[in-house]
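Engineer: with the input below, show me the fold.
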Amino acid sequence: MSFYQRHAFFCTNQRDNGRACCQDHGASELRRYARERLKEAGVFDAGGIRASAAGCLGRCEEGPVIVVYPEGTWYTYFSREDVDLIIDEHLLGGRIVDSLRI
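Structural biologist: Residues are numbered from 1 along each chain as shown. Alright, predicted model coming up:
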């Protein structure tokens, strides 16, 4: 059994050479927002759902990006509304959000 029901990794990488990176799109702020939403929903704990920061996930040109496990689903997002959709539909509801899927 997995420690978490689902685990979302938000790339929060910041590149210093001018190349595209997820942090250019406010990835850390939106990850913090997702964590707060999950805490408010009462699922941010062992056996529930986790939203963690990750270093470079290698897809910054498509970013910002999130990968959700155990499904291994990759998303791009640009706003709180996009993060809300991923939380409500996939993390809480188990339904992949095709409109944001990479």
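
Engineer: please count neighbours and contacts with C-alpha atoms only from this point.
Structural biologist: Fine.

Engineer: around E81, how many other residues sit close by?
Structural biologist: Residue neighbour count, defined by other CA atoms under 10 Å, stands at 10 for E81.

Engineer: actually A41, not the one I wrote
Structural biologist: Residues lying near A41 (other CA under 10 Å) number 10.

Engineer: how close does it get to C60?
Structural biologist: Taking CA to CA, to the nearest Å as the measure, A41 falls 29 Å from C60.

Engineer: just list whatever residues bridge to F10.
Structural biologist: Beta-bridge partners recorded for F10 (DSSP bridges): A53, I66.

Engineer: how close does it get to V43?
Structural biologist: Distance of F10 to V43, given as CA to CA: 18 Å.

Engineer: V83: what secondary structure?
Structural biologist: Recorded secondary structure, V83: helix (DSSP: H, G, I helix; E, B strand; the rest coil).

Engineer: ok, the most centrally placed residue in the chain - contacts?
Structural biologist: Geometric centre of the chain, nearest residue: I66, 3.7 Å, by CA atoms, centre = their mean. The contact partners of I66, by CA atoms under 8 Å, 6 or more residues apart in numbering, come to 8-11, 74-77.

Engineer: circling back to that earlier point, more neighbours, F10 and V43?
Structural biologist: Neighbour count, other CA under 10 Å: between F10 and V43, F10 has more, with 28 against 18.

Engineer: wait, the more buried one sits on A53?
Structural biologist: Yes - counting by CA atoms under 8 Å, A53 is a contact partner of F10 at 5.0 Å.

Engineer: so what secondary structure elements neighbour the longest helix along the chain?
Structural biologist: Looking across the chain with DSSP state H, the single longest helix is helix 27-40. Counting contacts by 3 or more CA pairs under 8 Å, 6 or more residues apart in numbering; DSSP states H and E, helix 27-40 packs against strand 6-11, strand 49-54, helix 80-85.

Engineer: if we go to 7 Å?
Structural biologist: Helix 27-40 makes packing contacts with strand 49-54 when contacts are defined by 3 or more CA pairs under 7 Å, 6 or more residues apart in numbering; DSSP states H and E.

Engineer: list the helices and strands the strand it packs on packs on?
Structural biologist: strand 6-11, helix 27-40.
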